[in-house]
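Novice: sequence and computational prediction follow.
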Amino acid sequence: MNGGIARAAIAGSAGRVCCALTLVLGVGCAGTPNGGKAATARARPTVAQASGPAADVAPGASAERDAQRAWCNYLEALYRRASGASAKWASFDECTAVTSSASPGMLKRAADCSLAALERFKGDPFTQEYASQVSQCGREAIDAMAVSQAEVAPYVGVICERATACGHMSYDECRSGIDEGLGSVLSRALGAMNGKSRDELRACLKTASCEDLGEQISGCITPIMDRLLWLPS
């Protein structure tokens, strides 16, 4: 493959990954748990300087469970608002049993902010007005948890080693193409993922098919992003 075309394919995959992030975190979304309506705050990540994980969220399984419970508390509050019910949401235990792919910091920030927005909002939460308010929660959570380029570098290395092995371009050409667009997207995607999900991403990137590598990168990231925020079926 011509080096310029290959670089464009790699850099161009940023758009596809951005679309994946948007689908997961970019719009207000509604589900229908037990006959009631449920919505979640999802927001497209914006371009901002990377910052470290939230200081008030400890790493490890306990933090992940606490963050998932916070998300479930938000969904339960939303269900109660929609249904007018005061009883426990029937899907609450199912929700807390879920293992999210999200980093605890991102999930806890999004959940706490969304719950606070719901408590402040006096009207129907299943409106564009409310969706606009909670979208800010998602943006802030993603921006706060975005990782530094130093943390992105190992994943870029895996991508470029694969591109080189496939004969698409040199390692340096690949790095240049990724730095043009995909690097900032990866910083947000990685910041949103927990450690297990990052390991899953790295393993997927290492074995990506040589055919349409840009699509393969997106195909590795999208399933993980789809599991960030659980909703009842």
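Specialist: Ah, there it is. Residues are numbered from 1 along each chain as shown.
Novice: can you pull the buried residues of stretch 226-233?
Specialist: Residues R227, L228, L229, W230, L231, P232 are the ones in stretch 226-233 that count as buried (16 or more other C-beta atoms under 10 Å). All C-beta spots, glycine's among them, are computed from the backbone N, C-alpha and C.
Novice: where's the residue lying closest to C137 once chain neighbours are set aside relative to E161, distance?
Specialist: Leaving out its chain neighbours, the residue that sits closest to C137 by C-beta to C-beta, 6 or more residues apart in numbering is C113, at 3.5 Å. As judged by C-beta to C-beta, to the nearest Å, C113 and E161 stand 38 Å apart.
Novice: who's more crowded, those two?
Specialist: Between C113 and E161, C113 has the larger neighbour count (other C-beta atoms under 10 Å), namely 21 against 14.
Novice: do you know the pLDDT at the more buried one?
Specialist: Note for C113: predicted pLDDT of 93.
Novice: and it, that one's in a strand?
Specialist: No - looking at C113 with DSSP: H, G, I helix; E, B strand; the rest coil, it is helix, so not inside a strand.
Novice: what about the helices in the chain?
Specialist: For the chain, the helices defined by DSSP state H occupy 3-25, 61-83, 92-96, 104-120, 128-145, 149-165, 171-179, 182-192, 195-206, 213-225.
Novice: quick check: mean pLDDT of the third one?
Specialist: This means helix 92-96. The model assigns helix 92-96 a mean pLDDT of 95.
Novice: packing partners for it?
Specialist: With contacts taken as 3 or more C-beta pairs under 8 Å, 6 or more residues apart in numbering; DSSP states H and E, helix 92-96 sits against helix 61-83.
Novice: might you calculate how far the helix it packs on sits from the centre of the chain?
Specialist: From the chain centre to the centre of helix 61-83 is a distance of 17 Å (C-alpha atoms, centre = their mean, to the nearest Å).
Novice: and if you look at stretch 78-94?
Specialist: Centroid separation for stretch 78-94 versus its chain: 25 Å, with C-alpha atoms, centre = their mean.
Novice: first-to-last residue distance for it?
Specialist: 16 Å (C-alpha to C-alpha, to the nearest Å).
Novice: outline the domain layout of this protein.
Specialist: Listed by automatic domain parsing, the domain ranges of the chain are 3-20+147-225, 30-42+49-145.
Novice: re earlier: most neighbours per residue, which of the helices of the chain?
Specialist: Highest mean neighbour count of the helices of the chain: helix 182-192, a mean of 25 (counted as mean count of other C-beta atoms under 10 Å).
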